[in-house]
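>>> After the sequence you'll find the predicted model.
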Amino acid sequence: MTPAPAPWSGPPWGRGRWGWVAVPASFLALVTVLGAAGAAWWHPQARAFDAVAVVLLLLAPAAIVLVVRGGRAALVGSVLAVLGPTTFVALGYEPGPAFVPLGFVVVALGVTRQRVLSLAAGTAGAIAVAVLSIGPGSPTLVYATVTVAGLAVAMLLGEGARGRAERMQALRAARVSRQESAVAAERLRIARELHDVLAHSLSGITVQAGVGLHLMDREPEAARRALTEIREASRDALDEVREVLGVLRADGEAPREPTAGHGPRSVGELLVRARADGLTVDDEGVDEAATRVPESLAGVVHRTLQEALTNVRRHAPGASVQVRLVVGDSIVLEVVDDGPGADEIVEGYGLRGMRERAESVGGTLVAGPGPTGFRVRLELPRVER
């Protein structure tokens, strides 16, 4: 997993990762040098402030630029950040704000998730100022105490920033994972919808085309009716495909399940079309029961019945089909045919799609050989959604 970038890790001014931090580092260097020069002026007994003092004070601010670059540069920067102020105080200059830039380096190391270097630099600086405070003419005990406390706070801030960066990285990774899962689920849903629409419509068109070809010479009117059925089935299929693909074009809306046409009337239309395709359908009470199916579950019932009838047309044309729909504490749809093609039906996209739809609303689907043919049984919990 790629580490989370630091706040300044973008491409500022085309100068790389360090460009963004160069300005605050320069400002910190200016403040430190001026502060140390002022402290030396107020305490003339200390060593005179000179060019060597300036160079030593600039090491820690410059180290911030190295730290954010990471790798070996961060290690060199950490050493320089400790060495600069320590040498400055050891040579007898008035301490002033000499150790302040080291605190910023410690925090920067934590922010860039270089935990070991952050703790090492802070600890080394605290030990150095504590040791220097022991000798005569060195930093006072109060100065040493304040400096050690400041470096301890810097280490805590760096650790907190590192932990926050890791949490933000985990949140980003989780968000990306959810987005990828949502995209995959949406693709699967659209593929399932298109499969159901096209498989159902094309199987009906194939049956009617066969009837039309068979009767074209002997019974032109029957052939005309078959062609009319083909035209209507094609038009309905195109409408449903447009509806499914139209969901993709809806700007500013969450993906939604197409439900238009999945009401009680659509169930009756499926049964009428099945009869027109040569199936004998026993559907006593289905139309009335369909009116009591909750709208949120109507799509699942519609698609399951559609796929079940499509399988009968494909594998057992001309078979008798019993359709039962019971709506009570649960919703049960059962489609049983007496055709000979039960052993030919395997777990394909259609049956898998029916099962996935059922499971998506907490239901179950059983499909397999029945007493005389093939049996599909859908059971859904009746939950108003």
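Great, that's in hand.

>>> ok, the residue nearest to Ser360 when sequence neighbours are not counted to Arg273 distance?
Distances taken as CB to CB, 6 or more residues apart in numbering put Val300 closest to Ser360, at 7.8 Å, once the chain neighbours are dropped. For glycine as for every other residue, the C-beta is placed from the backbone atoms N, C-alpha and C. Val300 sits 19 Å away from Arg273, going by CB to CB, to the nearest Å.

>>> ditto for Leu333
For Leu333, the distance to Arg273 equals 17 Å [CB to CB].

>>> out of the two, which sits in the more crowded spot?
Counting neighbours by other CB atoms under 10 Å for Leu333 and for Arg273 shows that Leu333 has the greater number, 28 against 23.

>>> Would you check that the more buried one makes contact with Ala298?
No: under the criterion of CB atoms under 8 Å, Leu333 lies out of contact with Ala298, with a separation of 11.3 Å.

>>> Tell me where this protein has strands.
280-282, 320-327, 330-337, 364-369, 374-381 (DSSP state E).

>>> Could you export the ones you listed to TSV, including columns for distance to Ser266 and mean pLDDT?
Listed next are the strands of the chain as TSV, based on distance: least, CB to CB, whole Å; pLDDT from 0 to 100:
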stretch	distance to Ser266	mean pLDDT
strand 280-282	15	86
strand 320-327	13	90
strand 330-337	13	90
strand 364-369	19	87
strand 374-381	16	90
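
>>> Format those strands as TSV; extra columns: distance to Pro44.
Output for these, formatted as TSV (distance: least, CB to CB, whole Å):
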stretch	distance to Pro44
strand 280-282	109
strand 320-327	98
strand 330-337	94
strand 364-369	91
strand 374-381	88
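
>>> just so I know, which of the ones you listed lies nearest Gly122?
Gly122 lies closest to strand 374-381 among the strands of the chain, at 59.5 Å (CB to CB).

>>> In terms of secondary structure, what does that closest one contact?
Applying 3 or more CB pairs under 8 Å, 6 or more residues apart in numbering; DSSP states H and E, we find strand 374-381 packed against helix 295-315, strand 330-337, helix 349-360, strand 364-369.

>>> at 6 Å instead, please
Using 3 or more CB pairs under 6 Å, 6 or more residues apart in numbering; DSSP states H and E, the elements in contact with strand 374-381 are helix 295-315, strand 330-337, strand 364-369.

>>> just checking, what packs against the longest one?
Put plainly, it is helix 295-315. By 3+ CB pairs under 6 Å, 6+ apart, helix 295-315 packs against helix 141-215, helix 264-276, strand 330-337, helix 349-360, strand 374-381.

>>> can you put these in JSON lines and add distance to Ala124?
Shown next, in JSON lines, are the helices and strands packed on helix 295-315 (distance: least, CB to CB, whole Å):
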{"stretch": "helix 141-215", "distance to Ala124": "9"}
{"stretch": "helix 264-276", "distance to Ala124": "76"}
{"stretch": "strand 330-337", "distance to Ala124": "71"}
{"stretch": "helix 349-360", "distance to Ala124": "59"}
{"stretch": "strand 374-381", "distance to Ala124": "65"}
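
>>> can you tell me which of those the model trusts least?
Sorting the helices and strands packed on helix 295-315 by mean pLDDT places helix 141-215 lowest, at a mean of 75.

>>> re earlier: of all the helices and strands packed on helix 295-315, which one is nearest Leu28?
helix 141-215 (13.3 Å).

>>> could you pull out the helices for the stretch 1-150 of the chain?
Using DSSP state H, counting those that start in this stretch, the helices found in the stretch 1-150 of the chain span residues 19-42, 51-69, 71-90, 100-111, 115-132, 141-215.
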